[in-house]
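[1] show me how the following folds:
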Amino acid sequence: MASLPFEIIEDILRRLPVRTLKRFRVVSKPWCYLIDSESFVKLHFRQSLISNSNRNLVAGGLGVYSIDLDSPDKAHPIKQPFYYKSSDAISNSCNGIVLVMSEPPVLWNPYSRDYKVLPQCPVDQPDQLACFPKTTYGFGYDSRNDDYKVVRVVEFRSELTYALMASEARIYSPRSNCWTKIESFPYQLPFLRGHWRVHVNGALHTLVESDHVFTGKIMAFSVESEKHYEVMMPPGIKMSGVNLSLDVIDGCLSLVCAHRSRVVIWMMKEYGVEESWTKLFSICPPEIEPDDFVKPLVYSREGDRILLNCSDKRLVWYDCRKRSVENVTVDGLPFVFYAEPCVQTLISPNGPSTIKKKGLVRNKGKKIKNMRDDFLSEGFKLVL
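    Got it, this is the predicted structure:
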């Protein structure tokens, strides 16, 4: 038997996946306090980012599935601790939390299983307008205030022409736990399957039509300042004869240009710097199908391959050096699916204060002992 110092125990635990840590909470009260503490939650998250570990895909379709990116050969079903319909879409991931676009929406960490049902937010339908509402959600992280923001934009479109007639926008913050009405968006959102997926640098990004013929522009909405601004496109990009879509690769804004015979993917390596747009690669048949809708997902751990989602029906690795593709066979994945990268974290949508309170046990006014002192005084015996 040997006693390990607190620092070594903490160093070991921070490298483990979330599911294992959840089980280890029952080892002892000090272990539970440590794993639930805000400082350890952040330490575990930083370790995952530094080591490029605990990376997964969250795939939706007929249910929700998790795919380990280090061995993407099987899709593991994830049970939802709340009512979920297969038609409810799941947003991009922010620090391991996703937005389930149900009614009402739900913030959910699929690996810690913590969730928060958002309060109801009625829609103010304009009077005397023959229109229908189109709701779009965006989900982002406000690093300035360490808060997660949900943006809801409801556009009222003509029942005859689908033209935009009016709109309203609201933003939700878990810290305030309420929806706040904000200024209506000064541009029309495209049909985005109900949500923005492109969250970069604390802002939600979307492609909108420009005032100039055959051109478009990238508009961003900052969840920190609640301001709109334009992000410059790569040089020479036209909308005529090309299907454009925005994505995120390795935390960088990317643009997918689908031509009739090939797909070209650009990356903005330095956010906000127009000159940093770089053409990553172009891919064409027979590597992909002629009509494939290509979505880049994530780099491999070694950084030499990019995982692509082709038309929500199959996954392929694109080798950047060999310029070749390798099909990925995933057992248990639905025939049609969507996928979003997600890192396993202990971060709770209910906020750090809730995490802290879960581990505290008070004894009739006695001062709670320091967690570190608990470790060092009581000692932890491990069989070596």
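[2] could you list the low-pLDDT ranges of this protein?
    The chain contains residues with pLDDT under 70 at 1-2, 86-87, 128, 191-194, 210-214, 352-384.
[3] quick one: residue 9 is in a strand?
    No: Residue 9 sits outside any strand when classified using DSSP: H, G, I helix; E, B strand; the rest coil, being helix.
[4] how close does it sit to residue 51?
    Distance of residue 9 to residue 51, computed by CB to CB, to the nearest Å: 18 Å. Placement of C-beta: from N, CA and C, glycine included.
[5] what's the spacing between residue 228 and residue 17?
    Residue 228 is 39 Å from residue 17, where distance means CB to CB.
[6] that older thread, who has more neighbours out of residue 9 and residue 51?
    residue 9 (16 against 12; other CB atoms under 10 Å).
[7] quick one: the strands in the stretch 101-250 of the chain?
    With DSSP state E, counting those that start in this stretch as the criterion, the stretch 101-250 of the chain has strands at 106-108, 115-117, 131-142, 147-158, 164-173, 178-182, 199-200, 203-209, 216-222, 228-231, 243-249.
[8] so can I have CSV of those showing mean neighbour count and distance to residue 324?
    Below are these laid out as CSV (neighbours: other CB atoms under 10 Å; distance: least, CB to CB, whole Å):
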stretch, mean neighbour count, distance to residue 324
strand 106-108, 24, 37
strand 115-117, 18, 41
strand 131-142, 20, 35
strand 147-158, 20, 39
strand 164-173, 18, 44
strand 178-182, 14, 47
strand 199-200, 22, 29
strand 203-209, 20, 30
strand 216-222, 20, 31
strand 228-231, 14, 32
strand 243-249, 18, 19
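[9] for residue 76, find the nearest of those.
    Closest to residue 76 of the strands of the stretch 101-250 of the chain, according to CB to CB: strand 106-108, at 16.2 Å.
[10] just give me the neighbour total for residue 259.
    If you count neighbours by other CB under 10 Å, residue 259 ends up with 12.
[11] so how far is residue 238 from it?
    11 Å.
[12] tell me, what residue is most central in the chain?
    The centroid of the chain falls nearest to residue 93 when counting by CA atoms, centre = their mean (1.3 Å).
[13] got a list of what the closest residue to that residue other than its chain neighbours touches?
    Excluding the flanking residues, the one nearest residue 93 by CB to CB, 6 or more residues apart in numbering is residue 342, at 3.9 Å. Applying CB atoms under 8 Å, 6 or more residues apart in numbering to residue 342 gives the contacts 55, 56, 57, 58, 93, 96, 98, 110, 111.
[14] what bridges to residue 107?
    Counting by DSSP bridges, residue 107 is bridged to residue 99, residue 116.
[15] actually residue 254, not the one I wrote
    Applying DSSP bridges to residue 254 gives these bridge partners: residue 247, residue 267.
[16] surely it touches residue 267?
    Yes: at 4.8 Å, residue 254 and residue 267 qualify as touching, with contact defined as CB atoms under 8 Å.
[17] am I right that the residue nearest to residue 93 sits in a strand?
    Yes: assessed by three-state DSSP, residue 342 belongs to a strand.
[18] how much space separates it from residue 52?
    Using CB to CB, one obtains 14 Å as the distance from residue 342 to residue 52.
[19] how long is stretch 106-118 from one end to the other?
    Terminal residues of stretch 106-118 lie 6 Å apart, using CA to CA, to the nearest Å.
[20] swap in stretch 117-134?
    Termini of stretch 117-134 sit 21 Å apart (CA to CA).
[21] show residues contacting it.
    In this structure, residues lying in contact with stretch 117-134 by CB under 8 Å, 6+ apart are 82, 104-107, 135, 150, 152, 154-160, 165-166, 168, 170, 172, 177-179, 191.
[22] so how far is that stretch off the chain centroid?
    26 Å (CA atoms, centre = their mean, to the nearest Å).
[23] try stretch 325-332
    Relative to its chain's centre, stretch 325-332 lies at 22 Å (CA atoms, centre = their mean).
[24] any residues touching that stretch, and which ones?
    With CB under 8 Å, 6+ apart as the test, stretch 325-332 has contacts from 65, 67, 72-77, 283, 287-288, 307-308, 314-319.
[25] list buried residues within these.
    The neighbour count (16 or more other CB atoms under 10 Å) marks 65, 67, 72, 75, 283, 287-288, 307-308, 314-318 as buried among these.
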